[in-house]
Structure formats: C-alpha cells, structure tokens
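>>> Sequence first, predicted model second:
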Amino acid sequence: MTHISAKGRLTPMRSRASALCVLTALAAPVHADSFDWHGYVDFRAIGSAQQQDWTDGGLGKTRFGGGGATASTGGAFAASVQLGPQWLASGTLQVMPQQRHPVDILDASIRYRPVSTTPWRWSVRMGAFFPPISLENGNIGWTSPWTLTPSAVNTWVGEELRVVGTEVRIERRADTSTLALFGSLFGRNDPAGELLATRGWGMGDLTSGLNASLREPDSVAPLVGTTPPVLYRPFVEIDHRIGWYAGADWDAPAYGKVSLLRYDNRADPTREQDYAGREVYAWHTRFWSLATQSQVGNVVLAAQAMHGATAFEPAPGLLLDTQFNAGYLLLAWGQGAWQPAVRLDLFQTRQLPEWLPDPLSEHGNAATIALNWRPRQHVRVTGELLRVDSTRNQRRLDGASPRQIDTQLQVNVRLQY
C-alpha cells in the first residue's frame, strides 16, 4: 500500500489556496459597476424513496432514501468581479449542511478576454471550474431552471468532474449565430469514474465542493479490504499526468444550441494512493458528450447523450473497465408564472471482463415531473416527483433483488437574489 508523499499532501492545500485567492479578490473593494453577485437559499420537504440512498452507503438511486419524510436546507453564493475590460474573476461558494464539508468552494477562476472589434474573439480561463458539458445545469451552483433533480448525466458531472487547469476558447461571431472551439489541459481529477463504477448512476443535486469526500456503497467495503464508510476525494492528483478535453459549441438564437465535447483525464490506471485506510486508484475516464437545446414557441426542448468508459488496474494484467451510457430528453414550458417540466432518462453501465463473479453492471430509466411556480421575481416554488426503475447486480451483495424502483417526492421553496 503506497502512502501519500509530503509533496502529495501539499498539493490539495495549494489548490484550495488558489481558489481562496480568487474568492478573496471577489470580496475586495471594487467599483459598484464591476461587481456582480447572485445566490439562493432552499427550504425543502421530502418524501424519501424506500431504498437507502448512496450518501448513507446504500444503493438507492435518489438523493433522499430510507423511507419516511425529512427536510433539507441549502444554498449557494456566486460572485464575479470585472478587473478592467479584459479580466474577470468569478467563484461560487456552496452551503450544504448534509455534506461532510457543509461550506465549500464549487468553482473559482480568472478569465482573460481581450476586447475584440472583429467577428473573432478569444479567451483564456484559469482555475477550478466545471467543464462545459451541460446545457441543463446552467444556474447558480450547478442547478437547473426546470427541475430540482438533475439528469443522471449531470448528477455525475456535479459529483465527480471538475477542471483544475486552463481552458482556451476561440469564437467566430456572425449576425445570427456564434461558433466556438475550446480545449483544456487539467489535472487533479484522477479518481473521476470511481463512484460511477462502484455505485452506478445516481440522480440528485448534491454537488461536490473542491474539498469534498464522497462515500461509496457499503457493499464495496469487503471488495477493497476495508470497513464502511468507504470514502475518497474526487479532486486529487495521483499520477501527475495531464488530462484534456476539447469541443465545439454552436449557438443560434433562432434555432438553439448544440455542444459537443470529448473528455480524457489520461489517468494511469495502475497508480494509487492511500486515503482513509484504503487504496484509491487513478481511473482512466474518457467519454463523448453531445447536448442540444432549442425553444419552439413557449416550449423548451433539451437533450443530452453521454458515452464512455472508466478503468483501473488493481493487479498487473487485471484491467477492470466499466463502459457507461446515459441520456435524457426534457420538455419544459418557458414562460409565465407556472412552468411545468417533464424529463425522461435512460442509463446503463457494463463492467468488463464479464467473467467476474458479480459484475457491477446496471441498466435503468427515470421519469421526472416538476411544476415550478414563480409568484415573484425572487421566489421559486417547485414540486417534483421522481421515479427511478433500475436493475443492478450489485444489490445481490446486500441480499436484495437486483431490480428496485425508487420514488421520491420533493417540495422546495427557493429564495433567489
């Protein structure tokens, strides 16, 4: 078992220090017209699904499980400072009492974008930020304007993906549309894919902060030679290899948006480090993501598909590769005080090689129905019903049937400012 070196222990501190420097810059005195801030506070009542949720070591697919009624609060604060015409600093702070770190930084970055007088424009962003994958979770704190629960795809992105590095973006602006090409080099996302492989897809709005420590299902503990809870940090550097993503966006207001992205963290699946009494491996995670959104009259149409794989090698020659696929189709009413939304999700994982005695494979679907009421500009009341039908062989390790149906009901009041 390999222990973390002194250098390895200092790396997370440097990353958090960099993020804190950005947030400190946001809090510094600036001119009123150069400072922008927004936030929200949630008050929520929940009818939980019967199956135990993953945050408590279960294999349920919803954020709230174990049956019965419960309540929840949370919020986020996002701010940006225009440091002259070319520089913009921004960051988001999350407050989530249910997390192991109730107050944490979600993202913090600085962007340099020279003033352009031609159709061409370029920019460089540096720091910690979400990769440009989602057209669904575009609101503060990785939240959606249509539902409380993100799709399976964007639940996972919020949990395990964060870019700590640099992104370059080049745009060509026309009268009716904008075409952009972008690419990034990054580190500190080596364990990305571990939760997806060991738990499968989930559906919830618990977004990981940069200091997050995530819990895996308790049934994994005997497989990795430890006792519950099984924890790991998703945003660490293990193999000191540089990952990348690249893609393109096309935005035409009269037609809609399309975004294509290829992600590869280039992790060495043989490398590991010790954390909380266990070996945490670097997972080689790579995938394609295609997302689109358009509006026809008052109806918003959004869809996304993801296809990829994540692998690690716990012993020489034993490469465990989990292939994954997921996608959703969403329809929402985009005008007026009452705004209903419906989303359908499909998801699947397949663990290879298939000769394993208990492969951690699954398939399932989910239906989300939400009704948003906006009586005032700064108030949003949302009722949401989520039903997830999934079959996962791993449940046999807990003595349960592989197929389970999770039903979760939420009523939320969000104060936005």
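That came through, no problem.

>>> element containing Q273, please.
strand 272-275 (DSSP states H and E).

>>> For the helix or strand just after that strand, buried residues please.
For strand 272-275, the following helix or strand on the C-terminal side (DSSP H and E) is strand 278-281. Buried residues in strand 278-281, counting neighbours by 16 or more other Cβ atoms under 10 Å, are found at 278-281. C-betas here are computed from N, CA, C, even on glycine.

>>> what's strand 278-281 in contact with?
Residues from elsewhere that reach strand 278-281 (Cβ atoms under 8 Å, 6 or more residues apart in numbering): 1-2, 191, 194, 224-226, 230, 232-233, 236, 238, 269-274, 312-314.

>>> Residues contacting the helix or strand that it is followed by, please?
As assigned by DSSP H and E, the chain's next helix or strand after strand 278-281 is strand 284-296. Contact with strand 284-296 is made by 133-136, 153, 192-193, 247, 255-269, 300-312, 324, 334, as judged by Cβ under 8 Å, 6+ apart.

>>> picking that back up, could you list the buried residues of the strand holding Q273?
Of all the residues in strand 272-275, those buried under the rule 16+ other Cβ under 10 Å are 272-273, 275.

>>> any idea of the mean pLDDT in it?
For strand 272-275, mean pLDDT is 94.

>>> Now render the buried residues of strand 278-281 as JSON lines, adding distance to S177.
Formatted as JSON lines, these follow (distance: Cβ to Cβ, whole Å):
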{"residue": "R278", "distance to S177": "50"}
{"residue": "E279", "distance to S177": "49"}
{"residue": "V280", "distance to S177": "44"}
{"residue": "Y281", "distance to S177": "43"}
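
>>> burial count for A267?
When neighbours are counted by other Cβ atoms under 10 Å, A267 registers 26.

>>> quick one on the thing from earlier: give me the helices and strands touching the strand holding Q273, please.
Under the contact definition 3 or more Cβ pairs under 8 Å, 6 or more residues apart in numbering; DSSP states H and E, strand 272-275 sits against strand 278-281.

>>> Partner strands of the strand it packs on and their direction?
strand 272-275 (antiparallel) (DSSP bridges).

>>> For the stretch 301-417 of the chain, which segments count as helices?
Using DSSP state H, counting those that start in this stretch, no helices are found in the stretch 301-417 of the chain.

>>> low pLDDT regions in it?
For the stretch 301-417 of the chain, the stretches with pLDDT under 70 are 358.
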